[in-house]
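Q: Give me the fold of what follows.
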Amino acid sequence: MKLWRSRWCRAAVLPTLVGATAVAGPLARADITELPLIIDVSTPAAGQCDGALHGTTAVYFPPGVPAHADVEWRILGGGQPIRTGITPVNNDVMTVGFDIRQDELPADGRLRVDARARVPGGEVGGYGKPWNLRVSRECSPLHVVSAGDSVTWGQGLDLDRTFADLTAETLGTQTGRTARLHDYSVSGAALDAPGLHTAADDTNCPVDAGTADESGTDELPDVFCQLDRAGAEARAGGYPVDLVLLDGCINDLDPLYGIPVGVTPGTKDLTAAVTRECGGVGADAVNPAAHVPYFSGAKLGYGGRGMQAAIEKAHALPGKPKVLVSNYFHGRDTPGTPEGLRARWSEFIRVSAETFRQAADRANTAAGEVYAVAADGLVGQDGGGHGPWMNPLGDEEISLRLLACPHIEAPPQCRTTVGGHADVDGAREYAKTFLLNPAVREWFGGGGPLDNGFTVSHTAGPTGTMVDFDGEPAGGAIRQYDWYFGDGAHAVTTGPVVSHEYRDPGPNLPRLVVTDMTGRRSMYELEEPIVIG
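A: From the prediction side, this is the model:
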């Protein structure tokens, strides 16, 4: 299995010119132990299956490197250097171009890029955190587009641990095809930012996304602009898109203050805010939080189109691709988190998941075919499943991310990858779970349950309602039943019957994953959520 990756406008701090380009602020003295990091490797689609591999690598050096220092970078294949070079450190991020002949590429397509510091006097540091990638040389791959914000992008995660990469890789493995991921997601992006372009013409998007305009405002591209760019590149490259991984709208609501605390104007009523910004229902023309200085891109996304419009635009890409709307967040408790914050975060997860599901259903109904589905990673509060991504209040990578852009008031969102999550197996399982969805399995030849795999005793009720679940319809020869009740709770049983009490108001979409005696897993979900309150 090989995975090819393209990044478009990775972050505001990344330059776009081949060569060493200065992009950030002044330098100061620092210890050489502040090792350089590879924060992006981009290989454009042209010439992937034949000819030389052309690309760029972006090297990040934390602010405060020694004066006149150099960065020594290298690209390895099969453990041996293929390309090396030395680039003067003239600012925080340098971008270096490279060309690798086809006969120099390893058979498995795996490349490793890393760098180390060299300072005057001959002192040399160790090689910093590497960037691993796989380059596909096949000409008829499965094309997967990802569009969204930092969650789709995988902020804080290694290249081979991001959800989009792992989902594309797993899908390729299941279908027996090579997968090429075309990633247009950007950290801090809103779902729709009408202030950046006209809703009627998404081609009028910022040319250099993530750069400051004349007023100094950092313009982050939105999902609609990302999809427009994906379509333009697919048409120029002459390839069809098979699947779009889509998320968005968390930055529209301010993930640091608006969602968990509710202090951002327009987010006190969280259900109404999600309906407005994620669903595009009743959006006001003016954002009441436009002048609130917070660590978010929310001020850009207010009053735009909802997820249904984004789904329909994704399906309009060349090849009429299927669309997987991905809700990557979950309701896992973080130790020490106040109950009020936990409850609001849980509410956001459940309401946004239901909003995405309804948007997909409406898009399918309008088209007269099932091409879109909403899914998530089935992570439970009690540790059930795997949770490689935490909410901003409990994200263990936050200190590492702050290292890359320490001045919060400068960029509104930290947009540089500086640390990977330790739970690689968890991240991989999390990505695999998306592909358990019956619709996805049917689209890409994996089969899938056609009927409901379980029944429930109640579909609505007040807080405290006890609901009985019966997994007998899933069939016999079942070794394990994994119940995800839609409110963050998870239970494992060896028998088909379980009960669960719903304590929080809101929509809860339960799912059941059964594992048969051969180890094969199948997922079922209720057609409509259980509504509490």
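Q: Quick one: low-confidence residue ranges for the stretch 201-350 of the chain.
A: For the stretch 201-350 of the chain, the stretches with pLDDT under 70 are 201, 203, 207-220, 282-286, 290, 292-303, 328-337.
Q: any chance you could map the strands in it?
A: Secondary structure of the stretch 201-350 of the chain (DSSP state E, counting those that start in this stretch): strands at 243-246, 322-327.
Q: Neighbouring strands of the first one in the sheet, and parallel or not?
A: Strand partners for strand 243-246, identified by DSSP bridges, are recorded as strand 142-147 (parallel), strand 322-327 (parallel).
Q: closest to residue 459 out of those strands?
A: Smallest distance to residue 459 across these (Cβ to Cβ): 20.8 Å, for strand 322-327. C-betas here are computed from N, CA, C, even on glycine.
Q: can you list the strands paired with strand 243-246 in CSV and add distance to residue 182 and mean neighbour count?
A: Below are the strands paired with strand 243-246 laid out as CSV (distance: least, Cβ to Cβ, whole Å; neighbours: other Cβ atoms under 10 Å):
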stretch, distance to residue 182, mean neighbour count
strand 142-147, 5, 28
strand 322-327, 14, 25
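Q: Residue 372 contacts residue 310, doesn't it?
A: No - checked against Cβ atoms under 8 Å, the pair residue 372 and residue 310 is beyond contact range at 10.1 Å.
Q: Looking at the two, which one has more neighbours?
A: Ranked by neighbour count (other Cβ atoms under 10 Å), residue 372 and residue 310 place residue 310 first, with 31 against 28.
Q: Go through the strands paired with strand 243-246 and name the closest to residue 132.
A: Checked against Cβ to Cβ, the stretch from the strands paired with strand 243-246 lying closest is strand 142-147, at 18.0 Å.
Q: starting at the chain centroid, how far to that closest one?
A: Distance of strand 142-147 from its chain centroid, counting by Cα atoms, centre = their mean, to the nearest Å, is 12 Å.
Q: What of stretch 89-96?
A: With Cα atoms, centre = their mean, you get 26 Å for stretch 89-96.
Q: Can you get me the start-to-end distance on it?
A: 12 Å (Cα to Cα, to the nearest Å).
Q: Flag every buried residue along it.
A: 89, 91, 92, 93, 94, 95, 96 (16 or more other Cβ atoms under 10 Å).
Q: Show me which of those is closest to residue 188.
A: Distance to residue 188 across those (Cβ to Cβ) is lowest for residue 93, with 16.7 Å.
Q: pretty sure the closest one is touching residue 39, no?
A: Yes - with contacts counted by Cβ under 8 Å, residue 93 reaches residue 39, the gap being 7.3 Å.
Q: could you dump the strands paired with strand 243-246 to TSV with distance to residue 433?
A: Below are the strands paired with strand 243-246 laid out as TSV (distance: least, Cβ to Cβ, whole Å):
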stretch	distance to residue 433
strand 142-147	16
strand 322-327	11
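Q: Figure out which of the ones you listed is closest to residue 164.
A: Of those, nearest to residue 164 by Cβ to Cβ is strand 142-147, at 3.9 Å.
Q: need the next SSE after the closest one, C-terminal direction.
A: Using DSSP states H and E, the helix or strand that follows strand 142-147 towards the C-terminus is helix 150-153.
Q: packing partners for that following helix?
A: With contacts taken as 3 or more Cβ pairs under 8 Å, 6 or more residues apart in numbering; DSSP states H and E, helix 150-153 sits against helix 163-175.
Q: ok, back up a step: among the buried residues of stretch 89-96, which lie within strands?
A: Using DSSP state E, the members of the buried residues of stretch 89-96 that fall within strands are 93, 94, 95, 96.
Q: Tell me the buried residues in stretch 171-183?
A: Buried, per 16+ other Cβ under 10 Å, within stretch 171-183: 171, 172, 174, 177, 178, 179, 180, 181, 182, 183.
Q: Specify the beta-bridge partners of the nearest residue to the second one once chain neighbours are set aside.
A: Looking back up the chat, that one is residue 172. Once flanking residues are discounted, residue 172 sits nearest to residue 179: 3.1 Å by Cβ to Cβ, 6 or more residues apart in numbering. Following DSSP bridges, residue 179 is listed with bridge partners residue 3, residue 142.
Q: and the two most separated of the buried residues of stretch 89-96?
A: 92 and 96 (14.4 Å).
Q: returning to what we had before: among the strands of the stretch 201-350 of the chain, which comes closest to residue 481?
A: Residue 481 lies closest, by Cβ to Cβ, to one member of the strands of the stretch 201-350 of the chain: strand 322-327, at 22.7 Å.
Q: what angle do that closest one and helix 163-175 make?
A: Using axes from the mean of the first three to the mean of the last three Cα atoms, to 10 degrees, one finds that strand 322-327 and helix 163-175 are set 140 degrees apart in direction.
Q: Give me the contact list for strand 322-327.
A: Strand 322-327 has contacts (Cβ atoms under 8 Å, 6 or more residues apart in numbering) with 148, 152, 163, 167, 242-247, 307, 311, 314-315, 349, 352-353, 356, 359-360, 363, 371-376, 434, 437, 440, 443.
Q: what about 7 Å?
A: Here strand 322-327 makes contact (Cβ atoms under 7 Å, 6 or more residues apart in numbering) with 152, 243-247, 307, 311, 314-315, 352-353, 356, 359-360, 371-376, 434, 440, 443.
Q: Please apply the same query to stretch 76-83.
A: Here stretch 76-83 makes contact (Cβ under 7 Å, 6+ apart) with 74, 75, 98, 100, 104, 105, 106, 110, 111, 112.
Q: buried residues in the helix or strand hosting the last one?
A: Translated: residue 112. Residue 112 is located in strand 110-118, with elements delineated by DSSP H and E. Using 16+ other Cβ under 10 Å as the test for burial, strand 110-118 gives 110, 111, 112, 113, 114, 115, 116, 117, 118.
Q: center of this protein, which residue is that?
A: residue 152 (0.9 Å; Cα atoms, centre = their mean).
Q: Surely that residue touches residue 146?
A: Yes - using Cβ atoms under 7 Å, residue 152 is in contact with residue 146, at 5.3 Å.
Q: Dig out what residue 456 forms beta bridges with.
A: Beta-bridge partners, per DSSP bridges, of residue 456: residue 469.
Q: so who does it touch?
A: 467, 469, 526, 530.
Q: what's the longest helix in the protein?
A: Criterion DSSP state H: the longest helix present in the chain is helix 339-367.
Q: what angle sits between the helix or strand that that helix is followed by and strand 322-327?
A: Next along the chain after helix 339-367, taking DSSP H and E as the criterion, comes strand 372-376. Between strand 372-376 and strand 322-327, the angle comes out at 30 degrees (the same axes, to 10 degrees).
Q: picking up where we left off before, check which helices and strands the longest helix of the chain sits against.
A: With contacts defined as 3 or more Cβ pairs under 7 Å, 6 or more residues apart in numbering; DSSP states H and E, helix 339-367 has these neighbours: helix 270-277, helix 307-315, strand 322-327, strand 372-376, strand 506-508.
Q: how about 10 Å then?
A: Secondary-structure packing of helix 339-367 (3 or more Cβ pairs under 10 Å, 6 or more residues apart in numbering; DSSP states H and E): strand 243-246, helix 270-277, helix 307-315, strand 322-327, strand 372-376, strand 506-508.
Q: just to revisit the earlier point, between the strands of the stretch 201-350 of the chain, which one is closest to residue 127.
A: Residue 127 lies closest, by Cβ to Cβ, to one member of the strands of the stretch 201-350 of the chain: strand 243-246, at 31.8 Å.
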